[in-house]
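Asker: structure for this input, please:
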Amino acid sequence: MSEQVIRGFKPANVFAFFEQISAIPRGSGNEAGVADYLCRFAKERGLDCVRDANNNVLIKKPATKGRQDHAPLLFQGHTDMVCEKNNDTVHDFERDPIRLILEGNCLRADGTTLGADNGIAVAMMLAMLDGELDSHPAIECLFTTEEETGMGGAIAFDYSLLKAKHMINLDSEQEDTVTVGCAGGIRSDLSLAVDREPLGDRELCRVSLTGLCGGHSGADIHTGRANANLLLGRLLAALSDVRLVSIEGGSKDNAITREAVAVIAVPSVAMTSMALLGLADEISGELVQEDENCRIVCERLTNEEAAAITGMMSEAATARVLGLLANAPCGVLAMNAEVAGLVEYSRNLGILRTTDKAVCMTFTSRASRESRLDGTVSSLGALSAALGGQINHHSRYPGWEYASESAVRDAYVAAYEAVVGDVMHVVAIHAGLECGYIKKQLPDMDIISIGPNMRGIHSPDEVLFLDSVERVWRVLAKLIEDWNVV
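Answerer: Model prediction:
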């Protein structure tokens with residue numbers, strides 16, 4: 001048993017459970033281990049538990065004495081996490097536990113994503129089920145899977161198993177905010193076929209772009225942070241007489257790409273390096289403060305590396321790829337006309353890969369309106385067709401519209417103001433949440449989304465603020481204690 005990392009914060013049960021699940025690899029699609037853990041937890045405590053073929057787990061706890069007539073409450077979060085690491089970090093997300101580091105009030109991981117998105121929800125639900133609350137109505141806790149890769153668990157779950165009509169999703173990252181609406185989204189895989197030809201007398205070099213901040217492709221898209229895939233494409237497109245050999249960047253479509261690398265064939269590595277330095281100086285003033293550590297390096301391939309490369313993309317293939325990267329509509333595409341400051345429509349190029357015969361890209365588009373998602377199918381389809389590419393749209397999920405009346409929203413706002421003594425902000429967000437799909441399946445479900453303060457989710461800079469977890473727990477305990485809806 002490894003030594004406990006999180007000490008001095010309450011309730012200790014919440015943080016103990018978080019450490020336990022952090023030891024279980026649980027990247028999207030690899031949730032069987034954490035599902036095993038949840039089922040053992042329920043069996044050991046004599047709680048009703050259902051596990052489906054997608055490793056979704058539903059655990060129910062009966063009401064305490066005198067609370068049987070109060071309406072049951074559903075708590076929901078996802079067990080999977082985004083698996084991102086720094087290039088110099090050695091970590092196998094299929095086998096290795098997350099290495100936790102406590103720095104004062106902040107919890108982070110050692111060079112990887114922390115998984116507080118959404119592991120802290122799992123930990124809080126386990127504490128509820130473990131008896132941390134003295135008095136409560138019937139509680140249902142739904143642990144879903146594959147949220148980060150298309151909400152596959154929420155889509156597959158059998159909602160007839162639920163009795164509750166009031167739900168608190170625990171997948172938000174700002175404690176003074178209660179979320180009451182979110183964007184829908186769609187993923188698009190675009191492939192451009194490339195032909196290759198001999199290198200001739202060209203020289204080979206590697207161009208690396210590192211040090212960008214990255215972040216969540218929904219929640220952080222409005223910040224102006226640069227996308228490494230797009231920025232590298234723009235820089236290479238500005239060079240003269242360059243041929244691509246390969247270009248790679250990102251591993252998650254829902255993360256703003258922090259690093260990208262290309263191997264290119266050029267007449268002179270020295271001249272190319274000088275040109276890139278000049279371009280880097282030009283764009284430095286465009287970058288937001290979070291991206292101030294951006295670094296562009298051009299280095300000649302070693303003789304061994306160069307010997308393994310037999311060809312480069314043709315001039316036409318290079319132009320198609322770099323033209324798309326330099327001009328693909330990404331970032332904030334439209335702001336909401338009714339809600340000030342809310343992004344209406346956006347797109348992110350999260351994954352860029354090269355094979356022998358194609359360059360493959362994965363875009364995530366988000367929108368508050370279904371018509372915008374219809375539009376992204378048309379516009380990206382037309383762009384792909386114009387460049388002779390192939391495109392597949394998939395993993396579409398609905399948005400979640402604001403409800404004018406909500407008993408659970410009113411109860412949470414009142415509990416927050418009573419416990420914290422501050423004003424709770426009610427907002428809609430541009431990120432996608434499982435709430436949209438659950439609301440589609442259960443139109444009468446009263447839903448909110450809340451959570452403790454986090455930053456840098458979907459990146460190795462992810463941080464969880466432990467004092468915020470304490471406050472959110474106390475607010476939840478107050479809501480549950482005062483809950484008198486029948």
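Asker: ok, residue 422 - how many residues close by?
Answerer: Residue 422 has 11 neighbours, counted by other Cβ atoms under 10 Å. In short, each C-beta sits where N, CA and C put it, glycine included.
Asker: do the same with residue 206
Answerer: Neighbours around residue 206, by other Cβ under 10 Å: 18.
Asker: tell me the SS of it?
Answerer: Using DSSP: H, G, I helix; E, B strand; the rest coil, the structure places residue 206 in strand.
Asker: what's near enough to touch it?
Answerer: 261, 262, 263, 297, 298, 299, 301 (Cβ atoms under 8 Å, 6 or more residues apart in numbering).
Asker: neighbour-wise, which one of those leads?
Answerer: Highest count within the contacts of residue 206 by other Cβ under 10 Å belongs to residue 262, 26 neighbours.
Asker: so that residue is in contact with residue 228, correct?
Answerer: No - counting by Cβ atoms under 8 Å, residue 262 stays clear of residue 228, with 10.7 Å between them.
Asker: now do the helices in the stretch 51-200 of the chain.
Answerer: Here the stretch 51-200 of the chain has its helices, by DSSP state H, counting those that start in this stretch, at 116-129, 152-156.
Asker: chain center to the shortest one: distance?
Answerer: This points to helix 152-156. A distance of 16 Å separates the centroid of the chain from that of helix 152-156, by Cα atoms, centre = their mean, to the nearest Å.
Asker: for it, buried residues please.
Answerer: Judged by neighbour count using 16 or more other Cβ atoms under 10 Å, the buried positions of helix 152-156 are 152, 153, 154, 155.
Asker: can you tell me how far the third one is from residue 56?
Answerer: In this case it means residue 154. 8 Å (Cβ to Cβ, to the nearest Å).
Asker: ditto for the last one
Answerer: Here the distance between residue 155 and residue 56 works out to 10 Å (Cβ to Cβ).
Asker: now swap in the second one and tell me
Answerer: As for residue 153, its distance to residue 56 is 5 Å (criterion: Cβ to Cβ).
Asker: and what of the first one?
Answerer: From residue 152 across to residue 56, the span is 9 Å (Cβ to Cβ).
Asker: mutual contacts of these two, please.
Answerer: residue 145.
Asker: show me where the stretch 351-486 of the chain has its helices.
Answerer: Going by DSSP H, counting those that start in this stretch, the stretch 351-486 of the chain shows helices at 370-386, 407-420, 434-441, 466-482.
Asker: do you know which of the ones you listed lies nearest residue 124?
Answerer: helix 466-482 (6.4 Å; Cβ to Cβ).
Asker: so what does that closest one touch, helix or strand wise?
Answerer: helix 12-22, helix 116-129, helix 407-420 (3 or more Cβ pairs under 8 Å, 6 or more residues apart in numbering; DSSP states H and E).
Asker: tell me the gap between the shortest one and the middle of its chain.
Answerer: Centroid separation for helix 12-22 versus its chain: 21 Å, with Cα atoms, centre = their mean.
Asker: what helices and strands are in contact with that helix?
Answerer: Right, helix 12-22 is packed against helix 32-44, helix 116-129, helix 466-482 by 3+ Cβ pairs under 8 Å, 6+ apart.
Asker: in the longest one, what's buried?
Answerer: By neighbour count on 16+ other Cβ under 10 Å, the buried set for helix 466-482 is 466, 468-480.
Asker: so can I have TSV of those residues showing distance to residue 336 and pLDDT?
Answerer: TSV is the format used below for these (distance: Cβ to Cβ, whole Å; pLDDT from 0 to 100):
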residue	distance to residue 336	pLDDT
466	33	98
468	27	98
469	31	98
470	34	98
471	30	98
472	27	98
473	32	98
474	33	98
475	28	98
476	30	98
477	34	98
478	32	98
479	29	98
480	33	98
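Asker: quick check, nearest of the residues you listed to residue 179?
Answerer: For those, the nearest to residue 179 is residue 472 (13.2 Å; Cβ to Cβ).
Asker: got the contact list for the closest residue in space to that closest one that isn't next to it in sequence?
Answerer: Distance criterion Cβ to Cβ, 6 or more residues apart in numbering; nearest residue to residue 472, sequence neighbours excluded, is residue 452 at 4.6 Å. Applying Cβ under 8 Å, 6+ apart, one finds that residue 452 lies in contact with 120, 173, 175, 464, 465, 468, 469, 471, 472.
Asker: now tabulate the residues you listed in JSON lines and tack on distance to residue 390.
Answerer: Conversion of these to JSON lines gives the following (distance: Cβ to Cβ, whole Å):
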{"residue": "120", "distance to residue 390": "40"}
{"residue": "173", "distance to residue 390": "36"}
{"residue": "175", "distance to residue 390": "44"}
{"residue": "464", "distance to residue 390": "40"}
{"residue": "465", "distance to residue 390": "44"}
{"residue": "468", "distance to residue 390": "45"}
{"residue": "469", "distance to residue 390": "45"}
{"residue": "471", "distance to residue 390": "50"}
{"residue": "472", "distance to residue 390": "45"}
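Asker: these: which two are farthest apart?
Answerer: 173 and 471 (13.9 Å).
Asker: any weak-confidence spans in the stretch 101-250 of the chain?
Answerer: Low-confidence segments of the stretch 101-250 of the chain (pLDDT under 70): none present.
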